[in-house]
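Participant: Mind looking at a prediction? Sequence and model below.
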Amino acid sequence: MKVKFLRYIQSILILFMLFSFTLQQDNENKEKFIVQLVIENIENKHYHPLKIDDDFSRKVFHDYMKMLDNSKKFLIEPDVKKLKGYEDKIDDEINASSLEFFDLSCEIIDKRISEASEYYKEILSKPFDYDKDEMIETDGDKLKFEPNEAALKDSWRKALKYQTILRLNEALDIQEKAIASHDTIVKIKTFDELEKETRDKVMKSNDEWFKSLKQIDRNDRFSIYMAAITSVFDPHTEFFPPKNKEEFDMRMSGKFEGIGATLRQKDGYTNVESIVPGSASWKQGDLKPGDIILKVAQGSEEPVDIVGMRLDKAVQLIRGKKGTDVRLTVKKLDGRIVIISIIRDVVILEETYAKSAIIKEDKKPLSIGYIKLPSFYMDFNDYSGRRCSKDVKVELEKLTQEGVKGIILDLRDNSGGSLPEVVDMGGFFITKGPIVQVKQPDSPAQYLSDTDPRVQYDGPLIIMVNVMSASASEILAAAMQDYKRAVIIGTSSTFGKGSVQRYFNLDEQVPSQFKEFMPVGALKVTTQKFYRVNGGATQLKGVTPDIILPDIYTYMNVGEKELDNYMSWDEIKPAAFEPWTPSNYDLATIINKSKARVAKDSIFKQVDENAKRMKKQNDKTYYTLNLKKFREEQKQMKEEADKFKNLQQSPTVLKVFVLKTDSIAMLGDTVKKSRTSSWFETIKKDIYLDEAAHVMQDMMNKK
């Protein structure tokens, strides 16, 4: 009886193993099919497809290795040597439908993660030597892979010591402040108690991190491999597995609650790309584009390290229900590590729409119209629905009725949107003509033009931009600059995104004999490029304003040029267009007057000093692991940062007035009144808008 039972169990195990092997084979066949399908689509649809050769292979290898272990905390030189044998063979594998390199990388990295999960437990079991003079490099790009496991373990020791010092420094600061202020709520502890408590927290944080690392499965690894393949073509071409596609659709529809920040993953780090107008982050105000999110905590819970975590999983931690608190540990551009607490909320739609006000400079008689446009929005499902061009037209009509003598259109932090809306809006300010050229590969450029000879507003016009003004914003600013229709005021350059992407549902392309592989996912491909009417691309270079003002990003590498594998700038034949003639001010005189004002302005001088400080701190990636010296450095950094803390908190000479029609609409609406009042307070402290108003006065005086 026992023998029969044992044979029965054996047969079940054999069947299970065969079934598992079949499933694995099916999964691998699906992966090979996806690679072929994605490559075929990109080759046929990309604006500038690359040849699948050894050079392509080396680029994929380089990007994949950065995604696999940019922190250099898992792989060692022998591992890299094994993988490097495939550096020139990935193209051959793609053509032969092989995943040998990918399989080997999964095997090696999983093994190394398992080993590293034991390192941190041993290292954190006892106190560090905080008096020892040693340094740590925190930039993965500057690190080399360790030669052996012993060296790797010591690298882990330094990394964990750095994590502990960061927390310990914060705990000591809190305790010192409590002692100085005689705060009896904070319990005073000995150094040894604080140190032990801090190490325990670092231990718990790493427990959670390794738990998430061990949950990374083959599908996750395959998504990373596909990201390495697609990103070689350009940073905006991307493959979305079915699950990621669902996340993307949800993000694009705006039908979820969270902090309202657009995130991008680069070299294993989660970077803030932009802040959604009207969102929780936008209202809170501390999270900025360029920030790196290191950890995420739910309320008072222990934070989870998201360095190296896949973007969609990091987003799941950050996103949450309205009214809940998320605490982000963030590395700022100046190198400071800060904790930002944000109460999750839904986007306030009113804050995403165009709105206007009337501004006046003190002791100046002429009033100026101010329009803030957060994005080029439109309802893609209902053409008669809400559209930014319709809304801006209404604001222009209201401002004209109020008798303003000039208008400032603010496109700062506007990351773009609908292209047709840009064309319609550009037509409000010129008689007719091309607004932008759109080019597909191997075909002449197409002109998207304003054909309506009516001009909605023909007075002096200023367009404000900054480095976060992208895509559609750049198109409008470039067109108005080329037509000499507006004076462009802003930072050294706009973002520089001059490409167009299309989304393709790959399931629609799956042949009937491969239907078992569905769902496959979707693909975003760069299919077109934008060109100004003067023939130059907005890609990479963006738009250089006529009047350039100091900004905290002035010396930073921010924008399209900061992304890997960006598409190059080029130019094509200019379009035929007639520059705007009614303007009767001299641009050179306007620019020189602004330069003279800014040179004398103490706040702008401090902005430039702060920008240089931030650049210096941002470039610093090498830190001491001597606790006393580290605390001295952090104290100095904080003191330097505090000098500029209230830099733009002083009111300018601007006076702000609500439009008559808006005033009537706000009667009895206390919420709208409160939002408007808050917006006006922001306007009054805006030194950039203040200088734009000075420029407008110069334009209106016609001298």
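Facilitator: Thanks, I have the structure now.

Participant: Low-confidence bits of the stretch 601-703 of the chain, can you list those?
Facilitator: 648, 702-703 (pLDDT under 70).

Participant: whoops, I mixed them up, the stretch 101-250 of the chain
Facilitator: Within the stretch 101-250 of the chain, the set of residues satisfying pLDDT under 70 comprises 243-250.

Participant: which residues in it form strands?
Facilitator: 135-137, 238-240 (DSSP state E, counting those that start in this stretch).

Participant: winner for burial among these?
Facilitator: Among the strands of the stretch 101-250 of the chain, strand 238-240 has the highest mean neighbour count (mean count of other C-beta atoms under 10 Å), at a mean of 23. All C-beta spots, glycine's among them, are computed from the backbone N, C-alpha and C.

Participant: which residues are in contact with that strand?
Facilitator: Strand 238-240 is contacted from outside by 34, 38, 223, 226-227, 229-231, 248, 521-524, using C-beta atoms under 8 Å, 6 or more residues apart in numbering.

Participant: redo that, cut-off 10 Å
Facilitator: For strand 238-240, contacts defined as C-beta atoms under 10 Å, 6 or more residues apart in numbering pick out 34-35, 37-38, 41-42, 222-223, 225-227, 229-231, 244-249, 312, 501, 503, 505-506, 520-526.

Participant: Filter those down to the buried ones.
Facilitator: Neighbour counting with 16 or more other C-beta atoms under 10 Å marks 34-35, 37-38, 41-42, 222-223, 225-227, 229-231, 244-245, 247-248, 312, 501, 506, 520-526 as buried within those.

Participant: Next, count neighbours for the closest residue in space to V500 that isn't next to it in sequence.
Facilitator: Nearest residue to V500, sequence neighbours excluded (C-beta to C-beta, 6 or more residues apart in numbering): Q528, at 3.8 Å. By other C-beta atoms under 10 Å, the residues close to Q528 number 19.

Participant: cool, and K393?
Facilitator: 18.

Participant: Name the nearest residue to L506, sequence neighbours excluded.
Facilitator: Using C-beta to C-beta, 6+ apart, the closest residue to L506 is V520 (4.4 Å).

Participant: Give me the distance between F429 and D452.
Facilitator: Per C-beta to C-beta, to the nearest Å, F429 is found 12 Å from D452.

Participant: average model confidence for the longest strand along the chain?
Facilitator: Assignment by DSSP state E gives strand 522-531 as the longest strand of the chain. Average pLDDT, strand 522-531: 95.

Participant: Show me how far that strand is from its chain's centre.
Facilitator: Offset of strand 522-531 from its chain centre (C-alpha atoms, centre = their mean, to the nearest Å): 19 Å.

Participant: Also stretch 202-219?
Facilitator: In this view, stretch 202-219 has its centroid 25 Å away from the chain centroid, taken as C-alpha atoms, centre = their mean.

Participant: how about the helices of the stretch 1-150 of the chain, start to end?
Facilitator: Secondary structure of the stretch 1-150 of the chain (DSSP state H, counting those that start in this stretch): helices located at 2-45, 54-69, 77-84, 90-95, 100-123, 149-180.

Participant: what does the stretch 201-350 of the chain give?
Facilitator: Using DSSP H, counting those that start in this stretch, helices in the stretch 201-350 of the chain cover 218-231, 242-253, 280-284, 311-318.

Participant: Which among the ones you listed is found nearest to L152?
Facilitator: Nearest of the helices of the stretch 201-350 of the chain to L152, taken as C-beta to C-beta: helix 218-231 at 20.8 Å.

Participant: what's the angle between the closest one and strand 522-531?
Facilitator: If you take axes from the mean of the first three to the mean of the last three C-alpha atoms, to 10 degrees, helix 218-231 sits at 20 degrees to strand 522-531.

Participant: can you count the residues close to the closest residue to D139 other than its chain neighbours?
Facilitator: Counting by C-beta to C-beta, 6+ apart, D139 lies nearest to T621, which is 3.8 Å off, once chain neighbours are set aside. By other C-beta under 10 Å, the residues close to T621 number 14.

Participant: Does the residue nearest to V500 touch A537 like I think?
Facilitator: No: counting by C-beta atoms under 10 Å, A537 is not a contact partner of Q528; they are 11.3 Å apart.

Participant: Touching both of these two, which residues are there?
Facilitator: The contact sets of Q528 and A537 overlap at 439, 498-499 (C-beta under 10 Å, 6+ apart).

Participant: can I get those residues in TSV with secondary structure?
Facilitator: Below are those laid out as TSV (DSSP: H, G, I helix; E, B strand; the rest coil):
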residue	secondary structure
K439	strand
G498	coil
S499	strand
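
Participant: Fine by me, thanks again.
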